[in-house]
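[1] Have a look at this prediction, sequence included:
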Amino acid sequence: MYLAPGCSPDPIVGLDFTSLLGAKSSQDSISPRTPLLMHRNFKAFTTFGLVLIGSATLAFSFQDSKPAKETTKEVVEKAKEEVVEAPKAKPQKIEKPALGGPRRLGSKLGGGIKVKPRPSAGSSSGIVGPQVTGVPQVGPSPVQASKAPIGKGGVTFPAGANSKDFGSLIQGAVERYTFHAESNGEEPLVINSLNKSCGCTRAELVVFDEEGVSRPYQMGEAIPAGVKFGIESTFDTTSKSNQVQSNITLMTNDPRGGMVFSLHANVMPALTMTPRSINFTQMKSADVRKGQVIITSEAYGKFKLSIDENVPLREMRVDLKPDAPDENGMSTRWVVNVEGGPNLPEGNLNRAIKLVSNIQQPDKTMADGSPIFFDAILFITGQVLGPVALNPPSVSFGLLRPGQVATRTSVLKVTADDFSLDTAPKTELKAYGTEFQYADDFEVSWMREEATGDWTMSLTLLGIEQEGNGSFRGFVEVQIGHPAKETIELPFSGVIRGGVTTPAGQ
């Protein structure tokens, strides 16, 4: 390349490569300006090269540039490819810390929070736990197994064959019946238990062979599909009456659960008593009360009736009268008259009078071989008041603070017709088995109701100063002066909780 005469080398216009490379041959003479020209040409060449590289970079960048929307799409697609092709994370082994030390759960994130890294698919969780060796577990896990059906055994029987109605029975009858069923599951039937809802029923399991001969079933024994079995039941109506139902529940490996076999009967009672009890209600100890019941036997017809002599009557009298008896003293209807008082024990009245017939219970005997007869129990209830009575019969002060004042009342009522209290009775505070140490902390006062003649007793606690916790218990002995009842007692009790200051004004 040649430069025009008079023009200086310019990196943009041209370069003197001949001067840069030197003389073409040995005959070419080197000008004194050659070194200077070489330096200037080298500098221009370097500058020109840098300019070309920068221009090429700008050109390529401009050529590859696209709108922002397309660039974002490419970035997203590229990110997806990177996620899919990302190498699997290497599981981290977590060392078990010493007892009481901190547990390291994984790599440390910002803020000092330690989290457990999520293992990639197919990798181990990295948790150090018990090492299991040997044959690996086959089948469902324990959680899955608990949700699985209890088995694939099956029980089948004809429609309605799980219920037996004996119809009308007379009390004392003992009936027997065998329920028939068959094993028809995918697996052999296993019976776990046989439960009865009533003590009047007995049940036994049997298995039948091909000829129909039964043998006892051993609980837990497998019954193959197609094999028939039965429940031999006994229904005893001795202690039953009216509509009765008894259930027998069969628990097996049938996924449907328990199978219920039921026995039904309408039992006619051997003896019918109307009413079934007598209530004397509230009465004075000097009173005499009467009551009556009727006993019949529709099931057995005529019978005899007597009082069980082993049960004492105590201030009560019972009279048995047959209605139109035959020559043997037997009747289909008996009238029972009961009289109670005077001098029945004071308090709640609860008596049971046992009336025994001559109707023998079928297939029932005593230990000594003697027969057992049907009987009827007549209950007598009521409340007997003494010549005087306190209502309520006892009082409680409950929970008290030290120094707290409290009052409880009870009404003294005179029930005797020939006795009265014209003046307030005398009282004394006592304890059970010892001296009552808080007698000075109580006060008793009386007030009479003129219309009724009743006396209201006010028992006031003046306040017990006591530290800590404690309780008190005693009774007020009231001097009555009645010949049949000299005194009457009013028990009382309370608890004091120490350490609590009584509020002002209380």
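    Cool, got the structure. Please read these numbers as outputs of a predicted model, since none were measured by experiment. Numbering: from 1, shown residues only.

[2] For residue 182, which residues count as its bridge partners?
    When assigned by DSSP bridges, residue 182 has beta-bridge partners residue 156, residue 228.

[3] mind checking how far it is from residue 164?
    Counting by Cβ to Cβ, to the nearest Å, the gap from residue 182 to residue 164 is 18 Å. From N, CA and C alone the C-beta is placed, and that goes for glycine too.

[4] Could you do residue 445 as well?
    In this structure, residue 445 and residue 164 are 73 Å apart, going by Cβ to Cβ.

[5] what about those two, which has more around it?
    The residue with more neighbours, out of residue 445 and residue 164, is residue 164; 18 against 13, by other Cβ atoms under 10 Å.

[6] Give me the spatial nearest neighbour of that one, chain neighbours excluded.
    Residue nearest to residue 164 in three dimensions, not counting chain neighbours: residue 177, with 4.8 Å by Cβ to Cβ, 6 or more residues apart in numbering.

[7] Then residue 395?
    For residue 395, the nearest residue in space outside its immediate sequence neighbours is residue 408; the separation is 3.9 Å by Cβ to Cβ, 6+ apart.

[8] Which of the three states applies to that neighbour?
    Here residue 408 takes the strand state, with states given by DSSP: H, G, I helix; E, B strand; the rest coil.

[9] That one contacts residue 459, correct?
    Yes. Taking Cβ atoms under 8 Å as the definition, residue 408 is a contact partner of residue 459 at 5.1 Å.

[10] Report the contact partners of residue 487.
    Contacts of residue 487 were listed using Cβ atoms under 8 Å, 6 or more residues apart in numbering, and they are 477, 478, 479, 480.

[11] Between residue 408 and residue 459, which contacts overlap?
    395, 492.

[12] Break this structure down into its domains, please.
    1-24+31-56, 155-268, 287-385, 388-497 (automatic domain parsing).

[13] what would those look like in CSV with distance to residue 281 and mean pLDDT?
    Output for the domains of the chain, formatted as CSV (distance: least, Cβ to Cβ, whole Å; pLDDT from 0 to 100):
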stretch, distance to residue 281, mean pLDDT
domain 1-24+31-56, 123, 48
domain 155-268, 28, 94
domain 287-385, 6, 93
domain 388-497, 14, 90
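
[14] Compare those and report which one is nearest to residue 278.
    Each of the domains of the chain was scored for nearness to residue 278 using Cβ to Cβ, and the closest is domain 287-385 (3.4 Å).

[15] now the end-to-end length of that closest one.
    The first residue of domain 287-385 is 9 Å away from its last residue (Cα to Cα, to the nearest Å).

[16] rewinding a little: need the domains of the chain in a markdown table with distance to residue 275, can you?
    Conversion of the domains of the chain to a markdown table gives the following (distance: least, Cβ to Cβ, whole Å):
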| stretch | distance to residue 275 |
| --- | --- |
| domain 1-24+31-56 | 122 |
| domain 155-268 | 15 |
| domain 287-385 | 6 |
| domain 388-497 | 27 |
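
[17] follow-up on the earlier one: out of the contacts of residue 487, who has the most neighbours?
    If you rank the contacts of residue 487 by neighbour count (other Cβ under 10 Å), residue 478 sits at the top with 25 neighbours.

[18] I'd say that one and residue 485 touch.
    No. Counting by Cβ under 8 Å, no contact exists between residue 478 and residue 485, whose distance comes to 10.2 Å.

[19] Residue 245: what secondary structure?
    Judged by three-state DSSP, the three-state class of residue 245 is strand.
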